[in-house]
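Participant: sequence unavailable; structure follows:
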């Protein structure tokens, strides 16, 4: 037995516990056992204080959490009364049985999937592209939504505004209520949207000036009159 071999080498119980990753009480019980089997009852190994919490540990491990200190803190919040050594030892067993490379991915969030769909496919790494493909394969409605989003991005980036009516018709022919709300909004100002998707001009500069004026107004709120405000706007326009 490893405990007895280390005792024969003159090592203490604390050092043996640290070297073997065992609790000191376990090392003490094994050290006083006459044989490897005498430290267990005939019905099998004694129950561990960690047993009621193992299902939770397995769940967190599957979610990608393999930090023993973090898991110990979570268990304490759930009522675990044992020490950290038992948790670390069990996490070590999990790590040996399920190497980190085999730990399942944490499920992607809604924000992750939305970001992947709205980004150009070439900007995704191999893992992101594979996860997105798996999700779209399992959800046909989301797959069709992604196709419509990609087609709209092509209209916007390549200024194909003349194809907008065709895109709207395809979306409305599909059973995707969320996109129908979007197309209804486009239809309320269709000419402006088509122009925005066709022409190289941008209202960004105008919006920038509007934001600057609003900022000056907030700075002077309740402190000065219109004359000073007018002067500050003119000076800001001249870059002073």
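Facilitator: All right, it came through fine. Please read all numbers here as calculations on a predicted model, not as lab measurements. Numbering: from 1, shown residues only.
Participant: select the longest helix from this protein.
Facilitator: helix 140-158 (DSSP state H).
Participant: same for the helix or strand just after it, what does it pack against?
Facilitator: Toward the C-terminus, helix 140-158 is succeeded by helix 164-172 as the next helix or strand (DSSP states H and E). In terms of contacts (3 or more C-beta pairs under 8 Å, 6 or more residues apart in numbering; DSSP states H and E), helix 164-172 is packed against helix 140-158, helix 177-187, helix 190-198. (Glycine included, C-beta is placed from N, CA and C.)
Participant: again, only this time at 6 Å
Facilitator: Contact analysis of helix 164-172 by 3 or more C-beta pairs under 6 Å, 6 or more residues apart in numbering; DSSP states H and E lists helix 177-187 as its packing neighbours.
Participant: and the angle from the longest helix of the chain to helix 177-187?
Facilitator: Put simply, helix 140-158 runs at 30 degrees to helix 177-187, going by axes from the mean of the first three to the mean of the last three C-alpha atoms, to 10 degrees.
Participant: now do helix 140-158, average pLDDT.
Facilitator: Mean per-residue pLDDT for helix 140-158: 93.
Participant: angle of it against helix 164-172?
Facilitator: Going by the same axes, to 10 degrees, helix 140-158 makes 170 degrees with helix 164-172.
Participant: now do helix 140-158: which elements does it pack against?
Facilitator: Using 3+ C-beta pairs under 6 Å, 6+ apart, helix 140-158 sits against helix 126-138.
Participant: tell me the buried residues in the longest helix of the chain?
Facilitator: For helix 140-158, burial by neighbour count (16 or more other C-beta atoms under 10 Å) applies to 142, 144-146, 148, 151-152, 155.
Participant: with stretch 223-240 instead?
Facilitator: Applying 16+ other C-beta under 10 Å to stretch 223-240 flags 229, 232 as buried.
Participant: what does stretch 131-141 give?
Facilitator: Result for stretch 131-141 [16+ other C-beta under 10 Å]: buried residues 131-132, 135-136.
Participant: ok, so of those residues, who is nearest residue 121?
Facilitator: Among the buried residues of stretch 131-141, residue 132 lies closest to residue 121 (C-beta to C-beta), at 8.7 Å.
Participant: between the buried residues of helix 140-158, which sits nearest residue 127?
Facilitator: Nearest member of the buried residues of helix 140-158 to residue 127, counting by C-beta to C-beta, is residue 146, at 17.7 Å.
Participant: give the helix, strand or coil label for the spatially closest residue to the closest one that is not a sequence neighbour.
Facilitator: Among residues not flanking residue 146 along the chain, residue 117 sits closest, at 4.8 Å (C-beta to C-beta, 6 or more residues apart in numbering). At residue 117 the chain is in helix, as set by DSSP: H, G, I helix; E, B strand; the rest coil.
Participant: what's the spacing between residue 82 and residue 54?
Facilitator: 12 Å (C-beta to C-beta, to the nearest Å).
Participant: quick one, which of these two is more surrounded?
Facilitator: Each of residue 82 and residue 54 has its neighbours counted (other C-beta atoms under 10 Å); residue 82 has more, 15 against 12.
Participant: list the contacts of that one.
Facilitator: residue 49 (C-beta atoms under 6 Å, 6 or more residues apart in numbering).
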